[in-house]
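Engineer: Predicted coordinates and the sequence they were generated for:
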Amino acid sequence: MVLIAHISDLHVGAPNFKEDILLEAIRQINKLKPDATVITGDLTDNGYYLEFLQAAEYLSDLKGPHIFVPGNHDARHVGNETFEDVFRYRRGTFVMDGLTIIGLDSSEPDLDYGKIGRSQQIWMEDELDRASSRGHIRVIALHHHIIPVPKTGRERNVLADAGDILQSIISKGADLVISGHKHVPPRLEAWRTPSL
Ligand SMILES: [Fe+2]
Ligand SMILES: [Fe+2]
C-alpha cells in the first residue's frame, strides 16, 4: 500500500497564519510516516523571499520525501522570479517505489488564475506514459483545480485550460489528481479534537 500525505495553502506570512496548526500537521504527518508528502502551493501569502525562506524552514521539519508546487500567491510580486532560488524547482517528476508523482506549475506571474499551457501539458503526457511503462501508481499534483469544488460559490478557480488538461489526464489514465487553492477549512470542533 502507498500512503501519501497532502497539505496545501500554508500561506506563511498571512495575518491569520497559525504556526501551531502547521507544526501540529507536520507532527501528525511525521507520525504517519507516509511514502511522500505533497504540498500543493500557496506556500506563502505574498511570494516574498523571506516568506519563502520561512516556509522552507517549516517544511524541512518533514521527515520523509516531500514534493511541492507553486500556487498563485507564490507568484505574487517578484515571487515568480525567486521561487526557484529557495525551492529549486517549479515542476518535476518524483519517482519512488511503485509511485510516480508529477508536480505541475499552474501559476502565472502575479495573476490569480491558473494555467498549465501546451508545452507543460505535452511534458505531463510524456511523464504519464513513462510512469505507465513502469507500472506505477500515477499522481498529478497542482495548485489550481481542474474541476469545480462543490458548495464554494461562483466558479472562478479552475484552470484556464482545464478541459485540455482533464482530457489528457483521463486519456493517459492518471490514478489521482490532488490540488489546493480553494480554502475549505474544517469547523472549529475538528481542531479541538485531533485524531492523532
Ligand atoms: Fe491559497
Ligand atoms: Fe491559491
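Structural biologist: Looks like it came in fine. Ligands and ions are numbered 1, 2, ... in the order given.
Engineer: Check the gap between the spatially most central residue of the chain and residue 134 for me.
Structural biologist: Centroid-nearest residue in the chain: residue 40, 1.1 Å away (criterion: C-alpha atoms, centre = their mean). Noted for residue 40: a distance of 23 Å to residue 134, by C-beta to C-beta, to the nearest Å. Heads up, the C-betas are built off the backbone N, CA and C, glycines and all.
Engineer: before we move on, what about residue 155?
Structural biologist: Distance, residue 155 to residue 134, by C-beta to C-beta: 35 Å.
Engineer: Wasn't residue 177 part of a strand?
Structural biologist: Yes: the assignment for residue 177 is a strand, going by DSSP: H, G, I helix; E, B strand; the rest coil.
Engineer: List the contacts of residue 168.
Structural biologist: Applying C-beta atoms under 8 Å, 6 or more residues apart in numbering to residue 168 gives the contacts 121, 124-125, 128.
Engineer: Can you add secondary structure, distance to residue 21 and pLDDT and give those back as CSV?
Structural biologist: Below are the contacts of residue 168 laid out as CSV (DSSP: H, G, I helix; E, B strand; the rest coil; distance: C-beta to C-beta, whole Å; pLDDT from 0 to 100):
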residue, secondary structure, distance to residue 21, pLDDT
121, helix, 35, 98
124, helix, 32, 98
125, helix, 37, 98
128, helix, 34, 98
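Engineer: Any chance of those in CSV with neighbour count as columns?
Structural biologist: What follows is these, written out as CSV (neighbours: other C-beta atoms under 10 Å):
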residue, neighbour count
121, 18
124, 23
125, 16
128, 23
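Engineer: which among the residues you listed gets closest to residue 18?
Structural biologist: residue 124 (33.9 Å; C-beta to C-beta).
Engineer: Do I have it right that that closest one meets residue 139?
Structural biologist: No: in this structure, residue 124 is not within contact of residue 139 by C-beta atoms under 8 Å, at 11.8 Å.
Engineer: Overlap of the contact sets of these two?
Structural biologist: With contacts defined as C-beta under 8 Å, 6+ apart, the residues shared by residue 124 and residue 139 are residue 102.
Engineer: So residue 37, which state does it fall into?
Structural biologist: strand.
Engineer: That one and residue 136, how far apart?
Structural biologist: Going from residue 37 to residue 136 by C-beta to C-beta gives 18 Å.
Engineer: Compare the two (neighbour count), which wins?
Structural biologist: The neighbour count for residue 37 versus residue 136, taken as other C-beta atoms under 10 Å, is higher for residue 37 (23 against 19).
Engineer: Let me see the contact set for that one.
Structural biologist: Neighbours of residue 37 in contact, by C-beta under 8 Å, 6+ apart: 4-7, 29, 62, 64-67.
Engineer: Over to residue 38?
Structural biologist: Residue 38 touches 4-7, 66-68, 101, 103, 139, 141, 178, counting by C-beta under 8 Å, 6+ apart.
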